[in-house]
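Chemist: quick one, what's the 3D model for this:
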Amino acid sequence: MSASEFFSYIITYIRQQSRGISYQELLITWLIGIIIVHLIFMISSRITGKAYSWKKEIWYFLIVGYVCFGAQITLLRRAAGSRTIMYTSLDFGFSSSGIYSKQQFFYSLLNVLFFVPWGLLWGLYRCKDSVLHRMVMVTCYCFLTSFVIEITQLLTGRGYFEVADFVTNVIGGVIGGILSCVLIFLKKVRVNERG
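Modeler: The predicted structure is shown next:
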């Protein structure tokens, strides 16, 4: 498969997987989330008497935005009860060269890519942790997030419960966590060079 064919398939599957997303609903829910987060920070600041960090608040805005986006992709774009099957096989599309395998490979790849920003966000959020602690926490966040998505899809019938999705999501989150470690390291090197 040539590079142009590869990117053509990626774009085709991204379009397919984003069909039914309401961008208006996404922006409205994100705006509501931003308002709620801001109110929580303001109330917490008044109760504790401590000034809140606007950087921390921005991270929460980004996390809430990604949760809203994830909900649109995994749950809200499908009718309840439309998917009731549970797949427990670990098929990532490598088994044969047929169309199904190609489709499964690209679905698996998109699941990995879907969680890379999630792992990156949490990794950067935990920038003061040691590398090992940061990676453990990012893996836990991604594990729990993927588990909640898969269970919610199963219970609502808005998506298939797939063990392969669970695994690829966690892999994507770990890749994002590794990217955060690289970015944090590069920032420290740059600060040390200046100082």
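Chemist: quick one: buried residues of stretch 172-190?
Modeler: Neighbour-count burial for stretch 172-190 flags G172, G173, V174, I175, G176, G177, I178, L179, S180, C181, I184 (criterion: 16 or more other CB atoms under 10 Å). Where C-beta positions appear, they are placed from N, C-alpha and C, glycine not excepted.
Chemist: farthest pair within these?
Modeler: For the buried residues of stretch 172-190, the farthest-apart pair by CB to CB is G172 and I184; their separation is 18.9 Å.
Chemist: longest helix of this protein?
Modeler: If you go by DSSP state H, the chain has its longest helix at helix 163-194.
Chemist: what residues are up against N192?
Modeler: Contacts of N192 were listed using CB atoms under 8 Å, 6 or more residues apart in numbering, and none were found.
Chemist: then stretch 56-64 to PDB, C-alphas only?
Modeler: Taking C-alpha atoms only, stretch 56-64 is exported to PDB below (Å, rounded to 0.1, in the frame of the first residue of the first chain):
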ATOM      1  CA  LYS A  56      -4.700  24.600  35.800                       C
ATOM      2  CA  GLU A  57      -8.100  25.900  34.800                       C
ATOM      3  CA  ILE A  58      -7.100  25.900  31.100                       C
ATOM      4  CA  TRP A  59      -6.000  22.300  31.400                       C
ATOM      5  CA  TYR A  60      -9.500  21.500  32.800                       C
ATOM      6  CA  PHE A  61     -11.100  23.400  29.900                       C
ATOM      7  CA  LEU A  62      -9.100  21.200  27.500                       C
ATOM      8  CA  ILE A  63      -9.900  18.000  29.300                       C
ATOM      9  CA  VAL A  64     -13.700  18.900  29.400                       C
END
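Chemist: what about the protein, any weak spots by pLDDT?
Modeler: Along the chain, the parts satisfying pLDDT under 70 run over 94-100, 195.
Chemist: domain ranges for it, per the record?
Modeler: As given by automatic domain parsing, the domain ranges for the chain are 21-76, 81-195.
Chemist: ok, which of these comes nearest I11?
Modeler: Nearest of these (CB to CB): domain 81-195, 10.3 Å.
Chemist: W30 contacts I63, correct?
Modeler: No - contact between W30 and I63 fails when scored by CB atoms under 8 Å: they sit 10.8 Å apart.
Chemist: where do the helices of this protein begin and end?
Modeler: 3-18, 23-48, 54-71, 99-125, 131-156, 163-194.
Chemist: dump these to JSON lines, plus distance to G93.
Modeler: Compiled in JSON lines, the helices of the chain are given as follows (distance: least, CB to CB, whole Å):
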{"stretch": "helix 3-18", "distance to G93": "11"}
{"stretch": "helix 23-48", "distance to G93": "29"}
{"stretch": "helix 54-71", "distance to G93": "22"}
{"stretch": "helix 99-125", "distance to G93": "3"}
{"stretch": "helix 131-156", "distance to G93": "19"}
{"stretch": "helix 163-194", "distance to G93": "9"}
